[in-house]
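Enquirer: Output the structure for:
(chains A, B, C and D)
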Protein chains: 2
Amino acid sequence: MSDPTMRDVASHAGVSPMTVSRALRDDSRVSERTKARVLDAVDAHGYRRNEVARNLRLGRSHSLLGLIVTNLANPFYSQLALGVEAVAAESGMGVILGNSGENPQRERELAQDFALRRIDGIIAVPAGHQHGHLEPAKLSGIPVVLTASPGAKIGVDSVLLDDFGGTWAAIDKLIERGHTRIGFLGPASSTWTGSERYRGYCAALEEAGLSVEDRYVSRNHLDVASAEQAAAKLLDQPDPPTALFAANNRNTIGAYRAVRKLHATTSLAGFDDFEFADVLSLPLIVVRYDPRELGRKAAALLCERIDDPQRTRAIAPRQVVVPTTVVEYGAS
Amino acid sequence: MSDPTMRDVASHAGVSPMTVSRALRDDSRVSERTKARVLDAVDAHGYRRNEVARNLRLGRSHSLLGLIVTNLANPFYSQLALGVEAVAAESGMGVILGNSGENPQRERELAQDFALRRIDGIIAVPAGHQHGHLEPAKLSGIPVVLTASPGAKIGVDSVLLDDFGGTWAAIDKLIERGHTRIGFLGPASSTWTGSERYRGYCAALEEAGLSVEDRYVSRNHLDVASAEQAAAKLLDQPDPPTALFAANNRNTIGAYRAVRKLHATTSLAGFDDFEFADVLSLPLIVVRYDPRELGRKAAALLCERIDDPQRTRAIAPRQVVVPTTVVEYGAS
DNA sequence: CTGTTAGCGCCTTCAG
DNA sequence: CTGAAGGCGCTAACAG
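Expert: Numbers count the residues shown, from 1 in each chain, chains lettered A, B, ... in the order given. Next comes the predicted model:
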């Protein structure tokens, strides 16, 4: 009932396990006749070599990398996962998936579980700003790549977006259009993207001689519902902002819903493109980039370190930046 | 440079590897004093037990299940993946991810690769209607669960949606509203959902005394762009349909874009809910269900078979159906 | 309480 | 060309 082993095949074929092992590797030192006999026995038993045992013996890894994302339901992360999967598959690597649900504690557990499974490397989108538990030293020395968050502090490679520049450019567009009261809606400042995008917002305003007003800023919004509520509040005050910048797709969508419900004429801008961005009933500026590319780049960096740990150990943490472009959608 | 082994720890602690093994399992037969000494040595070396070797020795599996989806970029599948991950994590199982890209050949490769990795089971969303390569017999006897496609033919469990009933109900709503010329837009008939939803469409029309007209039906559309083009064509004829039913979210979105561009007043209905369904500028009927639930149910079925192969081997292929509801969104 | 022996499934090395 | 011995890292089963 349990899986046949090389021994079973060997005895069936009337040879030693060693010969089976060689035949399976198509070793040239086995005669064609024997090879054929072995392969027949393999088929007869439905035998498949145990790659796990093989890797153990060869001291090789299992060609597996771990991917930890905060929330796979966000299209951003599923696209990123797709990019990782594609590059990994090219080098015959499997991807084991973990969803942290924005919980750093869970993220730590996942990383440790992965390390125990003797995977070859980890790609993570960290949930908070404390990344100590993702340090390779704490994970059996496995190489790690961070995405959407810099890894220099823990000495690992990272792939970033141009959060600062992209936001700046979008805000600039709003200013060009004559807006002077521009609100900011975003996630917690504890996330890298959240704080960088906020920095970009502030910098762009100041560059234009405008000041950042607390009453136009609302942060800590992770989901659409919370963002919608916050946007409504921002708009419900004397001298409301005439434009809102939202720091990610959840916030943009929340802002859109709020503005729409209030029948306001607020202009919108947001980080992250999304499927319906072009058919909304409001003008919208979007900071676009390719989330798949983030995954691809991260996987590429990781694979380099995995393929040649000796050489790359000497290489200092690298930081790749994926560019962003600003897209203007007209109102529908 | 390479990972320390139990032997290293043992010699450092001045005991035998066996004692380390026991100490690590917190075996009561080891004295507290020795245990402490061993644990110190473990910390000193940064040692972590090799779970892979351990599982090999114990004849245990690696608590890993494989998930094969057609396209993770589709929110439907990423939600499904989330459901699978959640249930798997509850039983300490890892999920290894494969994206087939709608390619049955690739799906086969993935399944075989997974089987070679000695994973415990596979959950697949099949790309075509030929599922022979997903038969457990061809995958070292690993249990398999199919989602969104029945598994009876290859003798495996499956989790389905009420494709037929859900579609019927949506079409009924359109008929109630007075539509008699209702178009159908959908994916290839080679997919289970594609053909079931088409069946539901036909049945509902016939039940109401309406006939299915070829010129109102367009199939084989996998992506938004192709669906949009096809919808435009359906609407560009004498006596165009006054309503369109789209068999999945890609097609619904394509249809929406076409109708919107033509400034037509066509009513829309579609299978799959989606994020902006409630704020479109057209009335929309949607067949809604919980894609995560699909993943959860699939993982639950699989885990049952994994946990007790002896008992469940006797159980015939099961088929779980996830219910759907019809939601009516007003025009914005 | 601790150590020795043996072997999970496979492959390297060394004999035939 | 083929086989036997030994061991990857770990742990049952049996000694002491």
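Enquirer: can you map out the helices along the stretch 101-250 of chain A?
Expert: A:104-116, A:163-176, A:192-207, A:224-235, A:249-261 (DSSP state H, counting those that start in this stretch).
Enquirer: export these to a markdown table and tack on mean neighbour count, distance to chain B and mean pLDDT?
Expert: For the C-beta atoms, the positions are set from N, CA and C on the backbone; glycine is no exception. Output for the helices of the stretch 101-250 of chain A, formatted as a markdown table (neighbours: other Cβ atoms under 10 Å in any protein chain shown; distance: least, Cβ to the nearest Cβ, whole Å; pLDDT from 0 to 100):
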| stretch | mean neighbour count | distance to chain B | mean pLDDT |
| --- | --- | --- | --- |
| helix A:104-116 | 19 | 5 | 94 |
| helix A:163-176 | 21 | 21 | 97 |
| helix A:192-207 | 21 | 20 | 96 |
| helix A:224-235 | 20 | 8 | 95 |
| helix A:249-261 | 24 | 6 | 94 |
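Enquirer: Need the ones you listed in JSON lines (columns: distance to DNA strand C).
Expert: Conversion of these to JSON lines gives the following (distance: least, Cβ to the nearest atom of the strand, whole Å):
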{"stretch": "helix A:104-116", "distance to DNA strand C": "17"}
{"stretch": "helix A:163-176", "distance to DNA strand C": "47"}
{"stretch": "helix A:192-207", "distance to DNA strand C": "43"}
{"stretch": "helix A:224-235", "distance to DNA strand C": "50"}
{"stretch": "helix A:249-261", "distance to DNA strand C": "47"}
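Enquirer: Between the ones you listed, which one is closest to DNA strand D.
Expert: Closest to DNA strand D of these, according to Cβ to the nearest atom of the strand: helix A:104-116, at 10.0 Å.
Enquirer: Including distance to residue A:299, could the helices of the stretch 101-250 of chain A go into CSV?
Expert: Below are those laid out as CSV (distance: least, Cβ to Cβ, whole Å):
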stretch, distance to residue A:299
helix A:104-116, 15
helix A:163-176, 21
helix A:192-207, 20
helix A:224-235, 29
helix A:249-261, 23
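Enquirer: for the ones you listed, which one sits closest to residue B:320?
Expert: Between residue B:320 and the helices of the stretch 101-250 of chain A, the tightest spacing by Cβ to Cβ is seen for helix A:104-116, at 27.9 Å.
Enquirer: for the closest one, packing partners?
Expert: strand A:64-69, strand A:94-99, strand A:121-124 (3 or more Cβ pairs under 8 Å, 6 or more residues apart in numbering or on different chains; DSSP states H and E).
Enquirer: Between the helices of the stretch 101-250 of chain A, which one is closest to residue A:302.
Expert: Set against residue A:302 and scored by Cβ to Cβ, the helices of the stretch 101-250 of chain A come closest in helix A:104-116, at 12.7 Å.
Enquirer: Enumerate every residue touching residue A:95.
Expert: If a contact means Cβ atoms under 8 Å, 6 or more residues apart in numbering or on different chains, then residue A:95 has A:64, A:65, A:66, A:67, A:81, A:84, A:85, A:88, B:96, B:97, B:98 as its contacts.
Enquirer: Could you verify that residue A:321 is part of a strand?
Expert: Yes. Counting by DSSP: H, G, I helix; E, B strand; the rest coil, residue A:321 is found in a strand.
Enquirer: near chain B at all, stretch A:34-52?
Expert: Yes. Stretch A:34-52 lies within reach of chain B by Cβ under 8 Å from any Cβ of the partner chain, at A:46, A:48, A:49, A:50, A:51, A:52.
Enquirer: residue nearest the centroid of chain A?
Expert: Nearest to the mean C-alpha position of chain A, by Cα atoms, centre = their mean, lies residue A:80 at 4.6 Å.
Enquirer: Let me know the pLDDT of that residue.
Expert: Looking at residue A:80, its pLDDT reads 97.
Enquirer: State the distance from the closest residue to it other than its chain neighbours to residue B:72.
Expert: Closest residue to residue A:80 apart from its sequence neighbours, by Cβ to Cβ, 6 or more residues apart in numbering or on different chains: residue A:295 at 4.1 Å. According to Cβ to Cβ, to the nearest Å, residue A:295 and residue B:72 sit 11 Å apart.
Enquirer: if we can go back for a sec, for DNA strand D, state which of the contacts of residue A:95 is nearest.
Expert: residue A:64 (16.7 Å).
Enquirer: That closest one is in contact with residue B:94, isn't it?
Expert: No. If you go by Cβ atoms under 8 Å, residue A:64 and residue B:94 don't touch, sitting 9.2 Å apart.
Enquirer: Comparing those two, which residue is more hemmed in?
Expert: Higher neighbour count among residue A:64 and residue B:94: residue B:94, with 24 against 20, using other Cβ atoms under 10 Å in any protein chain shown.
Enquirer: ok, that one - contacts?
Expert: A:96, A:97, A:98, A:113, A:114, A:117, B:62, B:63, B:64, B:65, B:88.
Enquirer: Distance to residue A:240 for the residues you listed - can I get that in JSON lines?
Expert: Below are the contacts of residue B:94 laid out as JSON lines (distance: Cβ to Cβ, whole Å):
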{"residue": "A:96", "distance to residue A:240": "47"}
{"residue": "A:97", "distance to residue A:240": "43"}
{"residue": "A:98", "distance to residue A:240": "42"}
{"residue": "A:113", "distance to residue A:240": "48"}
{"residue": "A:114", "distance to residue A:240": "47"}
{"residue": "A:117", "distance to residue A:240": "52"}
{"residue": "B:62", "distance to residue A:240": "57"}
{"residue": "B:63", "distance to residue A:240": "54"}
{"residue": "B:64", "distance to residue A:240": "53"}
{"residue": "B:65", "distance to residue A:240": "51"}
{"residue": "B:88", "distance to residue A:240": "47"}
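Enquirer: hey, what's in contact with both of residue A:64 and residue B:94?
Expert: Counting by Cβ under 8 Å, 6+ apart, the contacts common to residue A:64 and residue B:94 are A:96, A:117.
Enquirer: ok, back up a step: just checking, what packs against the host helix or strand of the residue nearest to residue A:80?
Expert: Here residue A:295, judged by DSSP states H and E, is contained in helix A:291-307. Counting contacts by 3+ Cβ pairs under 8 Å, 6+ apart, helix A:291-307 packs against strand A:64-69, helix A:75-90, strand A:121-124, strand A:144-147, strand A:157-161, strand A:319-322.
Enquirer: among those, which is nearest residue A:307?
Expert: Residue A:307 lies closest to strand A:121-124 among those, at 10.2 Å (Cβ to Cβ).
Enquirer: Quick one: the helices and strands packed on helix A:104-116 as a markdown table, columns for mean pLDDT too.
Expert: As requested, those are exported to a markdown table (pLDDT from 0 to 100):
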| stretch | mean pLDDT |
| --- | --- |
| strand A:64-69 | 97 |
| strand A:94-99 | 96 |
| strand A:121-124 | 97 |
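Enquirer: would you list those strands in TSV and tack on distance to DNA strand C?
Expert: Formatted as TSV, those follow (distance: least, Cβ to the nearest atom of the strand, whole Å):
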stretch	distance to DNA strand C
strand A:64-69	18
strand A:94-99	18
strand A:121-124	23
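Enquirer: Kindly reformat those as a markdown table and extend each row with distance to residue A:304.
Expert: Below are the helices and strands packed on helix A:104-116 laid out as a markdown table (distance: least, Cβ to Cβ, whole Å):
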| stretch | distance to residue A:304 |
| --- | --- |
| strand A:64-69 | 12 |
| strand A:94-99 | 17 |
| strand A:121-124 | 10 |
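Enquirer: Determine which of the ones you listed approaches residue A:253 most closely.
Expert: Comparing the helices and strands packed on helix A:104-116 by Cβ to Cβ, strand A:64-69 comes nearest, at 19.2 Å.
Enquirer: Give me the pLDDT value at the residue of the stretch 201-332 of chain A found nearest chain B.
Expert: Closest to chain B within the stretch 201-332 of chain A is residue A:276: 4.3 Å, counting by Cβ to the nearest Cβ. Residue A:276 is assigned a pLDDT of 85 by the prediction.
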